[in-house]
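Student: Here is a sequence together with a model predicted from it:
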Amino acid sequence: MRLSSTDIYVFKALAYLGTLDGATLASSDAIASATGVPKPYLVRLLATLSGRGVLTSRKGISGGYALSRPALEIRLSDVMRSIDGPLAALSCSSLKWPKTCV
């Protein structure tokens, strides 16, 4: 399985949020600064994860994002499905004879 840059950005954001205690909300500015993910792109990803229940969010001056449950309970495959849709193995991974995968 190959990870897209989107997957890597999401994992960076989740890793940062995982370092915070559950009660602390992080702003999109703080997450972008800590992870190096471009803010306009990050905001869309955070909104998607929030809509899928991976994150909780609160609007306003004291708002931000936090993990919806403890980090150990969040499966990366669920996160990837939230962002990319259904997961599929590489088509060449099941070949029975040696071939190169493109």
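Tutor: Received it, and whenever you're ready, just let me know what you need.
Student: Neighbours of Ile31, how many?
Tutor: The local packing of Ile31 (other CB atoms under 10 Å) involves 23 other residues. The C-beta positions use only the backbone N, C-alpha and C, and glycine is treated the same way.
Student: Just say helix, strand or coil for it.
Tutor: Secondary structure state of Ile31, per DSSP: H, G, I helix; E, B strand; the rest coil, is helix.
Student: Provide a list of residues in contact with it.
Tutor: Each residue near Ile31 by CB atoms under 8 Å, 6 or more residues apart in numbering is listed here: Ala13, Tyr16, Leu17, Val37, Leu42, Leu46, Tyr65.
Student: Narrow those to those in helices?
Tutor: The subset of the contacts of Ile31 located in helices under the criterion DSSP state H comprises Ala13, Tyr16, Leu17, Leu42, Leu46.
Student: just checking, the second one touches Thr35?
Tutor: Yes: with contacts counted by CB atoms under 8 Å, Tyr16 reaches Thr35, the gap being 5.4 Å.
Student: which one among the contacts of Ile31 gets closest to Ser5?
Tutor: Out of the contacts of Ile31, the one with the shortest distance to Ser5 is Val37. That distance is 9.5 Å, counting by CB to CB.
Student: Name the nearest residue to that closest one, sequence neighbours excluded.
Tutor: Tyr9 (4.6 Å; CB to CB, 6 or more residues apart in numbering).
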